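J.: here is my input; please provide its structure:
(2 chains)
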Amino acid sequence: MVRTRFAPSPTGYLHIGSLRTVLYDYLFTRKEKGTFILRIEDTDQKRFVPGALENLISILNTFGIDYDEGPIKGGKYGPYIQSERTDIYRRHAQELIDKGAAYRCFCTEERLEEMRKRQAEAKQAPMYDRTCMKLGAEEVEKKISEGLPFVIRQKIPHGRTVKFDDLIRGTIEFETQTIDDQVLMKSDGFPTYHLAVVVDDHLMEITHVMRGEEWVPSTPKHILLYEAFGWEPPRFAHLPLLLNKDKSKLSKRQGDVSVEEYLNKGYSKEALINFVAFLGWHPGEGEETEIFTLDDLIEKFSLEKVHKAGAVFDTDKLDWFNFHWQKRFHHEKLDNYAKQIDPGYTMEKSQKNDMFYKFTSPEAANRFAEYRGGLLLELCKSHIPEEWMKDKDFLTRTLVTTEEKILKRPVDIKEYIGFYFDMKEFPKELILNPKMKVDEPTALLGLRKSLEILEKSDDFDNQDKIKESLLKLVIDLGLKNGQVLWPLRVALSGEEFSPGTFELIWALGKEESLKRIRQTIDKHFTNKP
RNA sequence: GGUCCCAUCGUCUAGUGGUUAGGACAACAGGUUUUCAUCCUGUAAACAGGGGUUCAAUUCCCCUUGGGACUACCA
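T.: Sure, this is the predicted structure:
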């Protein structure tokens, strides 16, 4: 029976690397139909962050990662918070002393520091010099009765080889004389990670330990501890590290590492899971898609397919995963709703990838438009300033055509929509990009003719009417859409890149639109005497 | 410095003792589109180097190089 655990220390946020660790842990356990345990490793009092536990559980919750035993939920092997288990560790530390596998150390911080300094100067590996190991029983008693603070150190048996079979890396060996006498119990009465993890994993009957590669060097210490206690060690699986762009271990310094940050930025949980799952793992040959749900992952996951090498955390691909998931959810919602109100509906996509829904009744079409607008409203809500949001009409009318764009990266939409309201200094130069395939005289002709039409028009609150009349003009002039609309758009926005022509005219209104077109034409001529 | 780990396009990766070394993201180019972010098509891009083993190595072994982790009374 497989029993695994995720054992974070409550630092106040979930590291993206930890997310990957829980994920693999969880996937493996669910696949094996095992028991997944949450344990809190809070033996470092200096690191205590209030509310961290609740925060952690809620984040795991949003990802759909549930545990079978742990804090709050309980279980037969509790408590699951290490700070509530200090008696257990103390007893086990004493057992080690009794068995001669550990000893008390009274060395002061200063002495240790000085020792390490000397060792560094002599180009030796910094290791405890075992001064206190040689203390006699009476001496130890005497120091204790004097009230001297002490730690308990693991007594590493020298001259041996410790080896273990890592599920991901294969056999790894260490010579024991290169291993330091690890501190097991701190002078404050709390255990270090090394003691606590071994005692708990054994007592909680953990069968598989999954953790980051940074733990490989301390694994032999743990093996030796299991040995000293006379326990069977679990299987170890050391996961490859997540890396910064410069290939160092993923760190706060070089970008966001908090899962919450990414959630707040608008990345979906599905995208995050999907992305992180593929950092260090791949289902293998014959897998044509990279889009996986949590359930898909449970089905396909296997430890044998986990890589040994670290993976650079590159958010470009995260953006792409996010786009796919956003799009998928959006389409699903629309389809579901359409089906619900009108089973006879049909949908087709334009070349621009806009979706056109057709309904059998005008009522259904109206209800759907309402719903679709509402969805877009939701999409935009967190990324658009309050005051713009008041005009729901604005959103439904203008943004429907740009659904795909919004789905890609919500953050950028702010800038996009900003064009509507940003009254930049006008007039500006008429930018004629070679891509427009339009010469100056033609561009100016188009502007003049457009101006004439718009001056006569009163349909400024109706994009479709504006569109209709301008497209008619294009045909009348015998030109291509771009040759007229492109310069017009530039004249209106003053930008090479902006929202569409019709959207601009609608948003700017008659007065401002006409003013800008006139000014652009005038400026063009005053600059060319 | 010591110990340990790792090595396929820029990134994530597939892959096998014999392949035109495949895909995705990014990049670039072209196309559609009233421009950008969508969509379509295409291009460039990798087995770190040197020895072996072998009829044959990207693949197996060794060395070198490079990168990384650890080296706390933190986890």
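J.: tally of neighbours for A:Ile156?
T.: 21 (other CB atoms under 10 Å). Backbone N, C-alpha and C define where each C-beta goes, glycine included.
J.: report pLDDT for it.
T.: Per-residue pLDDT puts A:Ile156 at 96.
J.: and it, that one's in a helix?
T.: No. Assessed with DSSP: H, G, I helix; E, B strand; the rest coil, A:Ile156 is coil; it does not lie in a helix.
J.: shaky segments in the stretch 201-350 of chain A?
T.: A:350 (pLDDT under 70).
J.: do that again at 80, thanks
T.: Across the stretch 201-350 of chain A, the ranges flagged by pLDDT under 80 are A:286, A:348-350.
J.: residues from the stretch 51-200 of chain A in reach of RNA strand B?
T.: Along the stretch 51-200 of chain A, the residues adjacent to RNA strand B under the rule CB under 7 Å from any atom of the strand are A:107-109, A:112, A:116, A:123-127, A:149, A:151, A:169-170, A:172-175, A:178, A:180, A:183, A:186-188, A:190, A:192-193.
J.: A:Ala338 and A:Leu376, how far apart?
T.: When distance is defined by CB to CB, to the nearest Å, A:Ala338 is 15 Å away from A:Leu376.
J.: ditto for A:Ala491
T.: 28 Å.
J.: before we move on, the earlier item: of A:Ala338 and A:Leu376, which one has the most company?
T.: A:Ala338 (24 against 21).
J.: quickly find the element holding A:His238.
T.: strand A:235-239 (DSSP states H and E).
J.: any residue of the next helix or strand after that strand touching RNA strand B?
T.: Going down the chain from strand A:235-239, the next helix or strand is strand A:242-243, by DSSP H and E. Yes. Applying CB under 7 Å from any atom of the strand, one finds strand A:242-243 touching RNA strand B at A:Leu243.
J.: got the contact list for strand A:242-243?
T.: When contacts are defined by CB atoms under 8 Å, 6 or more residues apart in numbering, strand A:242-243 is touched by residues A:Ile16, A:Gly17, A:Arg20, A:Lys249, A:Leu250, A:Leu279, A:Gly280, A:Gly310, A:Ala311, A:Val312, A:Phe313.
J.: rerun at 10 Å
T.: Residues from elsewhere that reach strand A:242-243, judged by CB atoms under 10 Å, 6 or more residues apart in numbering: A:15-21, A:212-213, A:249-251, A:254, A:257, A:276, A:279-280, A:309-314.
J.: run a quick neighbour tally on A:Leu375.
T.: 17.
J.: my guess is it is in a strand, correct?
T.: No. Counting by three-state DSSP, one finds A:Leu375 to be helix, located in no strand.
J.: so it versus RNA strand B, what's the distance?
T.: Distance, A:Leu375 to RNA strand B, using CB to the nearest atom of the strand, to the nearest Å: 17 Å.
J.: what sits closest to that residue if chain neighbours are left out?
T.: A:Lys333 (6.2 Å; CB to CB, 6 or more residues apart in numbering).
J.: next: A:Arg116.
T.: A:Pro126 (4.4 Å).
J.: isn't that neighbour right up against A:Thr178?
T.: No. In this structure, A:Pro126 is not within contact of A:Thr178 by CB atoms under 10 Å, at 11.7 Å.
J.: all good on my end, thank you.
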